[in-house]
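Colleague: coords please:
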Amino acid sequence: MNLREFGELNTDQFLHDAFDVTLRNKLIRAARLRRNVYLVLFLVGFFCVFATGLAGLPLLSILSLFLATLSLVVMTKYDTQLFFLRMLAKKDRAEG
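Modeller: Next up is the predicted model:
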């Protein structure tokens with residue numbers, strides 16, 4: 001699975017893979033991994049905002065804030081994909 005196939009939530013390929021049970025499990029693992037990576041980047045960026053602010057480095061503080069904000073936005077995308085995939089898995093378990 002490459003990044004091109006995993007990118008958007010509204011593509012035909014993603015929806016086709018999401019409704020296939022074996023591919024859905026791979027998508028869940030990939031989305032969880034990517035969400036956790038961006039969560040760590042958010043936490044590091046958030047910590048760096050305070051560290052650079054206390055050190056008196058305003059430019060680095062602003063750059064750290066940008067890193068934290070950008071990683072939070074991307075993390076939210078993968079969190080939404082993960083929620084969608086988990087809801088599909090939950091619905092399949094309830095039906096079957």
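
Colleague: check the gap between V40 and K91 for me.
Modeller: Taken as C-beta to C-beta, to the nearest Å, the spacing of V40 relative to K91 amounts to 30 Å. In this view, the C-beta of every residue, glycine as well, is placed from N, C-alpha and C.

Colleague: ugh, typo on my part, it should be L60
Modeller: 46 Å.

Colleague: higher neighbour count, the two?
Modeller: L60 (15 against 10; other C-beta atoms under 10 Å).

Colleague: my guess is that one meets F50, correct?
Modeller: No - under the criterion of C-beta atoms under 8 Å, L60 is not in contact with F50, lying 11.5 Å apart.

Colleague: between those two, what contacts are shared?
Modeller: Shared contacts of L60 and F50, defined by C-beta atoms under 8 Å, 6 or more residues apart in numbering, are not found at any residue.

Colleague: now the longest helix belonging to the chain: mean pLDDT?
Modeller: If you go by DSSP state H, the chain has its longest helix at helix 58-95. Model confidence over helix 58-95 averages 94 on the pLDDT scale.

Colleague: which parts of that helix are buried?
Modeller: Burial within helix 58-95, assessed by neighbour count using 16 or more other C-beta atoms under 10 Å, is assigned to 61, 64-65, 67-68, 71-72, 74-75, 77-79, 81-82, 84-85, 88.

Colleague: that helix packs against which elements?
Modeller: helix 12-18, helix 21-55 (3 or more C-beta pairs under 8 Å, 6 or more residues apart in numbering; DSSP states H and E).

Colleague: what helices or strands is the shortest one leaning on?
Modeller: What that stands for is helix 12-18. Helix 12-18 is packed against helix 3-6, helix 21-55, helix 58-95, with contacts defined by 3+ C-beta pairs under 8 Å, 6+ apart.

Colleague: same check on the longest one?
Modeller: Applying 3+ C-beta pairs under 8 Å, 6+ apart, one finds that helix 21-55 contacts helix 3-6, helix 12-18, helix 58-95.
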